[in-house]
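K.L.:
got a sequence here, can you model it:
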Amino acid sequence: MDNSQQALGARLIARCLKDMGLEMEERTVRYHLRIMDERGLTKLVRRRDGRMITERGHLELKHALVNDKVGLAMSKIETLSFRTDFNADTLTGSIPVNISFFPRAKFKKALRAMKPAFEAKLCVSDLVAFADAGEIIGDLVVPEGMVGLATVCSIVINGTLLKAGIPINSKFGGVLQIRDNIPHRFVELIHYTGSSMDPSEIFIRARMTTVGQVRATGNGEILANFREIPADCQPLTIAITEKLEKVGIGGILLMGNVSAPVCEIPVDVNRIGIVIIGGLNPVAAAQEADIEIRNHAMSAMVEYKNLVKFAEVYDERS
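P.N.:
Model prediction:
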């Protein structure tokens, strides 16, 4: 129900559960639905149309069973990597994105705050998708009074390398210190395997970035991610990432040497460390400007053809 944009009936829910390997009769499903109605987690739209999940239901899903969600960030990375089918030669296919919701009244201010970060390439790509309230962006409906913006996620690199047969190990997301416009060291990090949330969301909420300062002075802290690849895959990785850069998708800040530390992070034997810039850095810059934003990192796939340059959105909306 959480993933559906329309009301669902007991029959359809029972069929979906069966596809997931859970045998449950329609009568049993109706019993649980009535209980969820009483608790305010679902609501009956019309008897024939079925039920929809409520805001309280969404919150319950978000907050409950936290132990089961440990490692959820890694699961998202693996799923979106597999679903990435972007072809840099034909400019077709889907790309993983982060989705952010901005208050409509402050969206112009947010655009002005994000513009320097996009211009300085403190992001994976300057390609974005935009949606107004009530419209769908990715798999999410933009709430009333909000504006939705999708930014390209660094997982696009994982997915593209995976399709080329290159195994990539996603280690952690962190806060990277920049000195004189050069990546220096990670000052905070959260391993994906031990987190129920994308680390970037956590660092943005905690206001641990200074993206605007990095753009202005060349010093400060930005969002970044750490990956590892087998040493033998380095030449092919370089060729693929160069091809991505030509179509507006970048993100790699540093690629180390075999088994050598990168930004003070040790690297496993016969592997190469890669530092990839965080796709949510422009959004972090808006948060630094005291704009409250609801982020859904690593949340959806968007067709490449539906993405536009940030400058177009800025010119239209600012």
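
K.L.:
flag every buried residue along stretch 17-28.
P.N.:
Residues of stretch 17-28 include none that count as buried (16 or more other C-beta atoms under 10 Å). No exception for glycine: its C-beta is placed from N, CA and C like everyone else's.

K.L.:
centre of the chain versus it, how much separation?
P.N.:
Mean C-alpha position of stretch 17-28 versus that of the full chain (C-alpha atoms, centre = their mean, to the nearest Å) differs by 31 Å.

K.L.:
what's next to it, contact-wise?
P.N.:
Residues outside stretch 17-28 that contact it (C-beta atoms under 8 Å, 6 or more residues apart in numbering) are 10-11, 14, 29.

K.L.:
how about stretch 289-297: buried residues?
P.N.:
Going by neighbour count (16+ other C-beta under 10 Å), the buried part of stretch 289-297 is 291, 293, 295-297.

K.L.:
okay if I get the residues you listed as TSV plus secondary structure, distance to E135 and pLDDT?
P.N.:
Output for the buried residues of stretch 289-297, formatted as TSV (DSSP: H, G, I helix; E, B strand; the rest coil; distance: C-beta to C-beta, whole Å; pLDDT from 0 to 100):
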residue	secondary structure	distance to E135	pLDDT
I291	coil	20	95
I293	coil	18	94
N295	strand	18	92
H296	strand	15	90
A297	strand	20	90
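
K.L.:
okay if I get those residues as a markdown table plus distance to R207?
P.N.:
Output for those, formatted as a markdown table (distance: C-beta to C-beta, whole Å):
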| residue | distance to R207 |
| --- | --- |
| I291 | 12 |
| I293 | 12 |
| N295 | 13 |
| H296 | 19 |
| A297 | 16 |
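
K.L.:
wait, which of those residues is closest to Q5?
P.N.:
Within those, proximity to Q5 (C-beta to C-beta) peaks at H296, which comes in at 15.2 Å.

K.L.:
assign a three-state SS to the closest residue to that closest one other than its chain neighbours, would you?
P.N.:
Spatially, and ignoring its direct neighbours in sequence, H296 is nearest to I99 (4.5 Å; C-beta to C-beta, 6 or more residues apart in numbering). Secondary structure, DSSP: H, G, I helix; E, B strand; the rest coil: I99 is strand.

K.L.:
now the element after the lowest-mean-pLDDT helix or strand in the chain, going C-ward?
P.N.:
When the helices and strands of the chain are scored by mean pLDDT, DSSP states H and E, helix 66-69 comes last with a mean of 55. As assigned by DSSP states H and E, the chain's next helix or strand after helix 66-69 is helix 72-83.
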